[in-house]
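What shape does this take:
(chains A and B, ligands or ions: 2)
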Amino acid sequence: MSEDRPGTIDAVPVRHPGRWVAIAVIVVLAAMFVHLLLTNDAFNWHFVFEAMFQSPVLNGLVMGTLLVTVLAMVVGVVFGVILAVMRLSDNPVLSWTAFLFTWFFRAVPRYVLLFIMGTLGILFPPPAGLGIGVPFGAQINDLLGMSGTWTFFSLDANNIFGGIIGGVIGLGLSEAAYMAEIARAGILSVDTGQREAACALGMSNRKAMWRIVLPQAMRVIVPPTGNETIAMVKDTSLLIAVPVSTELFFQLQSIGSRTYQTFPVAVAAVIWYLLICSVLMVVQSRLEARFGRGFGTSGPSDHGFRARMLSMVGGSK
Amino acid sequence: MSEAQVSDMPLVHAVNVHKSFHGVEVLKGIDIDVAAGEVVCLLGPSGSGKTTFLRCINQLETIQGGRIWVDGDLAGYTEKNGKLHRLGDSHIAAQRREIGMVFQRFNLFPHMTALENVMEAPIQVKGVRKREAKERALALLERVGLGERCDNYPAQLSGGQQQRVAIARALAMDPKLMLFDEPTSALDPELVGEVLSVMRELATGGMTMIVVTHEMGFAREVADRVVFMDAGIVVEQGPPNDVINNPQHERTQSFLSRIREENEDYAAALVERAEAEKL
Ligand SMILES: Nc1ncnc2c1ncn2[C@@H]1O[C@H](COP(=O)(O)OP(=O)(O)OP(=O)(O)O)[C@@H](O)[C@H]1O
Ligand SMILES: [Mg+2]
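Ligands and ions are numbered 1, 2, ... in the order given. Purely as a prediction, here's the structure:
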């Protein structure tokens, strides 16, 4: 009987003629694109690479684009997590405050927000500036008929809100509004039994949040945060609204308008943004693997990618 | 409570405990005492409030009436000049340290290995040094028969293994009292035995335990006392043989006969399956 039993399968795979047509079209388009890149003089590659490494451009890249991205994301993540915890609190004052913050900063476009940051100095004109001290100090003095000052020191508001700090505050608070929603979804994704198990072991609510809930929430929080970071890199090009001019795109643009080479500097900017985002994507996938520990599914591997490409054309050997 | 009364008090002393959810009363005046070293099994139909009562002992739920003392401490409050004052988060956390809890669905921390699960609370809560915590955790995992699985994540363990890790995790805090909420009812039948045998050993070692379970064999063999609850009240209690073999109340009788039928049906199904596989 055993000699009649079916053996190894050696079947003809399904053919996908449509796929071959699509591949042919793409190959032709790609060849045309490469041809354009290499032969069109408007690209002026020599100038592109020269512009990319001009010192004001590098300075703008580091101080404006990279540093502001990092600082604004730090502000955004820290405030976002705090806002998410506030939003989930059973204290209505806390949850409403968080809601109003999110509502405001999601409604105002980032460009407008940065423009406002630059003009905030007008609220605290010199010489008094932005005073740091007891709230309503002057009013308390008036009320009690006292003299003297309740202000410990005062800052030049134009310095604080204009320039890079203003840019970081504006982008950071706007980011916090988005991060709050991301962090909230992350925290809610963790089973309540986790917090209960932690509390049953004698952890305080805060410790249970930090050690047990948030690390698990990270699995849900990290991927969209990576996207937010990449979006932030691009949004630093809005810093000119503050105005901050030590920023990659503005610096390249000003080279472009000085030399009338506007197209090559745009290409230079694109190359920088591509490089930064590629690095960030690698970092993101590392982080995802780190916080995915214990959940069994690590994302599709390179091997999976290759297999998908092969299976697209109907053969996998 | 005067000093003399405190020292005579059983380890768990629950008096007239009332609990409602959104106006629906779930516990309607529960009185239960558990002496140190005693093993009490809580039985009762679904929805009778067994889980809720365990969670009240551990303050995962706040009660609306009555008092619960654990080891002489009033749970959740201090009494000053005849007035109750609610305790803060850190004091409540400190009270929970004395109580270990094992959940129906294990609730292991999925982002930590078995070993890290067991080490976490001693390090984070008691401030035990990492090396000592690790030694202790290894010993506990050994004791529940999982010495080799300590580097596995919960998702890599069977249900029975996960529940044994959960027991080790609770024991790592050296609790005075262990609460078990249907620890085997989420398990495949062939995994129930390994968890029950860990619990049996714990009971023999003198641990005070309150166990919600439908495992009549375990209750009969291990419990010092069986408490039968229905609709938020204690219907009857006593030594397991009296309550299980000779229940006095009609509600206990009907519950037990239903359980027995289910078990018989289940056993019959098992036999049937075994025979079907033999063919
Ligand atoms: N968080 C909650 N909110 C509202 N109702 C609840 C909540 N927890 C429990 N209840 C209700 O309280 C009653 C008692 O529930 P409990 O879980 O204590 O029963 P149980 O005896 O453990 O039942 P089972 O054997 O099914 O586990 C049920 O009617 C349930 O619907
Ligand atoms: Mg229950």
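
In which helix or strand does the nearest residue to A:A42 once chain neighbours are set aside reside?
Of all residues not flanking A:A42 in the chain, A:F263 sits nearest, at 5.6 Å (CB to CB, 6 or more residues apart in numbering or on different chains). Heads up, the C-betas are built off the backbone N, CA and C, glycines and all. Assigning secondary structure by DSSP states H and E places A:F263 in helix A:262-291.

Which strands and helices lie in contact with that helix?
If contacts are counted by 3 or more CB pairs under 8 Å, 6 or more residues apart in numbering or on different chains; DSSP states H and E, helix A:262-291 sits against helix A:45-52, helix A:214-235, helix A:248-259.

Around ligand 1, pick out the residues from chain B.
Counting by CB under 6 Å from any ligand atom, the positions of chain B adjacent to ligand 1 are B:21, B:26, B:44, B:46-52.

Of the residues you listed, select the buried ones using a PyMOL command.
To isolate the buried ones among those in PyMOL, judged by 16 or more other CB atoms under 10 Å in any protein chain shown, type:
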select buried, chain B and resi 26+44+48+49+50+51+52
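
all helices of the stretch 51-200 of chain A, in order?
Assignment of helices within the stretch 51-200 of chain A using DSSP state H, counting those that start in this stretch yields the ranges A:55-59, A:68-87, A:92-107, A:110-119, A:137-144, A:157-161, A:163-188, A:192-200.

Can you show me the strands along chain B?
Secondary structure of chain B, counting by DSSP state E: strands at B:12-21, B:24-34, B:39-43, B:65-70, B:73-74, B:77-80, B:83-86, B:99-102, B:177-181, B:208-212, B:225-230, B:233-238.

thought A:L66 was touching A:Y273?
No: the pair A:L66 / A:Y273 is not scored as a contact, 11.5 Å apart, by CB atoms under 8 Å.

Next up, the contacts around the nearest residue to A:Q261 once chain neighbours are set aside.
By the measure of CB to CB, 6+ apart, the closest residue to A:Q261 outside its immediate chain neighbours is A:F47, 5.5 Å from it. By CB atoms under 8 Å, 6 or more residues apart in numbering or on different chains, A:F47 lies in contact with A:259, A:261, A:264.

Contact partners for the residue in the stretch 151-279 of chain B positioned nearest to chain A?
Residue nearest to chain A within the stretch 151-279 of chain B: B:Y153 (3.8 Å; CB to the nearest CB). B:Y153 makes contact with A:293-294, A:296, B:110-114, according to CB under 8 Å, 6+ apart.

Over to A:M146?
Per CB under 8 Å, 6+ apart, neighbours of A:M146: A:I140.

How far does stretch B:234-243 stretch from one end to the other?
13 Å (CA to CA, to the nearest Å).

Go through that stretch and flag the buried ones.
Quick answer for stretch B:234-243 (16+ other CB under 10 Å): B:234-237, B:240, B:243.

Which positions within stretch A:31-51 qualify as buried?
By neighbour count on 16+ other CB under 10 Å, the buried set for stretch A:31-51 is A:44, A:47-48, A:51.

which among these gets closest to B:N263?
If you rank these by distance to B:N263 using CB to CB, A:V48 comes first, at 79.7 Å.

Hmm, the closest one is touching A:V267, no?
Yes: between A:V48 and A:V267 there is a contact at 5.1 Å, judged by CB under 8 Å.

Which of the helices and strands in chain B ranks last by mean pLDDT?
Ranked by mean pLDDT, DSSP states H and E, the weakest helix or strand in chain B is helix B:3-8, scoring a mean of 54.

Which of the contacts of A:F47 are buried, as a PyMOL select command?
Per 16+ other CB under 10 Å, the buried members of the contacts of A:F47 correspond to this PyMOL selection:
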select buried, chain A and resi 261+264
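
can you put the contacts of A:F47 in CSV and add distance to B:N81 and pLDDT?
Putting those into CSV (distance: CB to CB, whole Å; pLDDT from 0 to 100) gives the following:
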residue, distance to B:N81, pLDDT
A:T259, 84, 93
A:Q261, 84, 90
A:P264, 83, 93
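
can you list the weak-confidence ranges in chain B?
For chain B, the stretches flagged by pLDDT under 70 are B:1-7, B:279.

in it, which spans are helices?
Ranges of helices in chain B, per DSSP state H, are B:3-8, B:50-57, B:89-96, B:114-121, B:130-143, B:159-171, B:189-204, B:216-222, B:240, B:250-278.

Packing partners of the third one?
Right, the one you point to is helix B:89-96. Right, helix B:89-96 is packed against helix A:192-200, helix A:205-207 by 3+ CB pairs under 8 Å, 6+ apart.

quick one, which of those helices is packed in tightest?
Ranked by mean neighbour count, the helices and strands packed on helix B:89-96 are led by helix A:192-200 with a mean of 21 (mean count of other CB atoms under 10 Å in any protein chain shown).

Name the residues that touch it?
A:205, A:207-209, A:211-213, A:216, B:58, B:60, B:93, B:96, B:99-101, B:103, B:105, B:107-109, B:170.

Please determine how far B:A219 is located from B:T52.
20 Å (CB to CB, to the nearest Å).

Let me know the distance separating A:P223 from A:G76.
Distance, A:P223 to A:G76, by CB to CB: 16 Å.

actually A:G166, not the one I typed
The gap separating A:G166 from A:G76 is 15 Å, by CB to CB.

Then B:A121?
Distance of B:A121 to A:G76, given as CB to CB: 32 Å.

before we move on, what about A:T149?
35 Å.

Looking at these two, which one has more neighbours?
The neighbour comparison of A:T149 against A:G76 (other CB atoms under 10 Å in any protein chain shown) goes to A:G76, with 26 against 12.

Which residues are in contact with the closest residue to the more buried one other than its chain neighbours?
If the residues on either side of it in the chain are set aside, A:G76 comes closest to A:E175, at 2.8 Å by CB to CB, 6+ apart. A:E175 makes contact with A:72-73, A:75-77, A:80, A:228, A:232, according to CB under 8 Å, 6+ apart.

Recalculate using a threshold of 10 Å.
A:69, A:72-77, A:79-80, A:105, A:110, A:225, A:228-229, A:231-232, A:235 (CB atoms under 10 Å, 6 or more residues apart in numbering or on different chains).
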